[in-house]
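J.: Just the structure for this:
(one chain, ligands or ions: 1)
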Amino acid sequence: MAELILALDLPDRDEALRLLDKLDGALGWCKVGMEMFTHYGPQLLAELASRKLKIFLDLKFYDIPHTVAQAVMQTCSLGVDLLTVHCQGGQRMLEACIAARNDRGKKPLLFGVTVLTSFAAGEMPGITAQPQDFARSLAALALTCGLDGIVCSPQEVRDIKHDYPGLACLCPGIRPAWAGLGDQRRVATPGQAVAWGADYLVVGRPILKAKDPRDALLRIGEEMSRPF
Ligand code: C5P
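T.: Down below sits the predicted model:
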C-alpha cells in the first residue's frame, strides 16, 4: 500500500502544528523542506517525532561528494526517516552519501531526486534529453549507487518501476482532479500515481490550501485506495 506524505510547506511553525492537530490520527508521514528547516531546524523535527509522525527531510543535497557526505552524516543524528539528495550530483557523490549513511546505521532511507516535477520539456538548462528519459537514466544511476529509492514525476513512475522494480518511487506532482496545478507540470491524480507504481505520494497545496484540510487528506487517501 502506498504511503501519503503531507508536505509541510508553510512559513510558520505554529500554523503547521495547528494543521497537524486537525489531521491527528489521519496522517502517518510529513515532509519538512528547505523553508521550514531553514527557519526552525532540528527542534521542529523533534516536535514532529513526538507526535509519532514519520519524517521525510527534503533538503535535496547537491554539492561535492565530501560536503554532501558530511551533511548526510549530520542528518543521521536527527532521527528522520527519509532524506533526499540530487542524483545529478553524480556517482561519486551518491556513493559517498550511502557510505556516510551506512556508517551510522541504515536510517534514514536515502532517495535521489531525478528531475524536478516543475520542469516541463525544454526547460532544464543545458539538458536536451526529454525529462522522462533523463529521469530514467538518473534512476539507473541511483540503483547502481545503492540508493533506496528515487523521487520522480508520477508520469515517469510506470516506466521506471518496469525497468527497476527494486527501486522505491516517491512522487510529488500529485493533483486530484479537484485541485489547481500551481507551478507543477508533470502531474497525475492520486489514483493514477498509485496505479502506475508510486510507493510514496507527496502532497502539499491540495491539502494545505483546502478549505477543509482533513477532508482533502481523507479524499486523497480514498482515491489512493482505488487506483485506476
Ligand atoms: O504543493 P505541492 O503538492 O506541489 O508540493 C509538492 C512538494 O514536493 C513540494 O514540497 C516540493 O518541494 C516537493 N518536490 C517536488 N518535486 C520534486 C521533489 C520534491 O515538487 N522533484
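
J.: Contacts (any at all) between the ligand and stretch 155-170?
T.: No. Stretch 155-170 does not reach the ligand (CB under 6 Å from any ligand atom); its nearest approach is 8.1 Å. Glycine gets a C-beta too; all of them are placed from N, C-alpha and C.

J.: Between the two ends of that stretch, what distance do you get?
T.: 12 Å (CA to CA, to the nearest Å).

J.: quick check: mean pLDDT across it?
T.: Across stretch 155-170, pLDDT averages out at 95.

J.: Buried ones in that stretch, by neighbour count?
T.: 155-161, 164, 167-170 (16 or more other CB atoms under 10 Å).

J.: Up against the ligand, what does this structure have?
T.: So far as CB under 6 Å from any ligand atom goes, the chain lies against the ligand at 7, 9, 33, 58, 113, 116-117, 151, 172-173, 182, 184, 202-206.

J.: now, which of those lie within helices?
T.: Secondary structure from DSSP state H places 205-206 of those in helices.

J.: on that earlier part again, mind telling me the two of the buried residues of stretch 155-170 farthest from one another?
T.: Q155 and A168 (17.5 Å; CB to CB).

J.: Give me the neighbour count for the residue of the chain found nearest the ligand.
T.: Residue nearest to the ligand within the chain: G204 (2.6 Å; CB to the nearest ligand atom). Residues lying near G204 (other CB atoms under 10 Å) number 19.

J.: try the one 3 residues further on
T.: Using other CB under 10 Å as the criterion, I207 is surrounded by 26 other residues.

J.: repeat for P42
T.: Neighbour count of P42, defined by other CB under 10 Å: 15.

J.: repeat for G28
T.: 12.

J.: got the contact list for it?
T.: 3-4, 53-54 (CB atoms under 8 Å, 6 or more residues apart in numbering).

J.: Distance from the chain centre to the longest strand along the chain, please.
T.: Using DSSP state E to define each element, the chain has its longest strand at strand 54-61. Mean-position distance between strand 54-61 and its chain equals 7 Å (CA atoms, centre = their mean, to the nearest Å).

J.: Which helix or strand lies directly C-terminal to that strand?
T.: helix 65-76 (DSSP states H and E).

J.: Return the set of buried residues in the helix or strand harbouring H39.
T.: Per DSSP H and E, H39 falls inside helix 34-50. By neighbour count with 16+ other CB under 10 Å, helix 34-50 contains the buried residues 36-37, 44-45, 48.

J.: so it versus strand 54-61, what angle?
T.: Going by axes from the mean of the first three to the mean of the last three CA atoms, to 10 degrees, helix 34-50 is angled at 150 degrees with respect to strand 54-61.

J.: ok, P213 - contacts?
T.: Taking CB under 8 Å, 6+ apart, we find P213 in contact with 19, 22-23, 207.

J.: Inside helices: which ones of those residues?
T.: 19, 22, 207.

J.: Please tell me how far the first one sits from V203.
T.: So that's L19. 13 Å (CB to CB, to the nearest Å).

J.: rewinding a little: can you tell me which two in the buried residues of helix 34-50 are farthest apart?
T.: F37 and L48 (11.1 Å).
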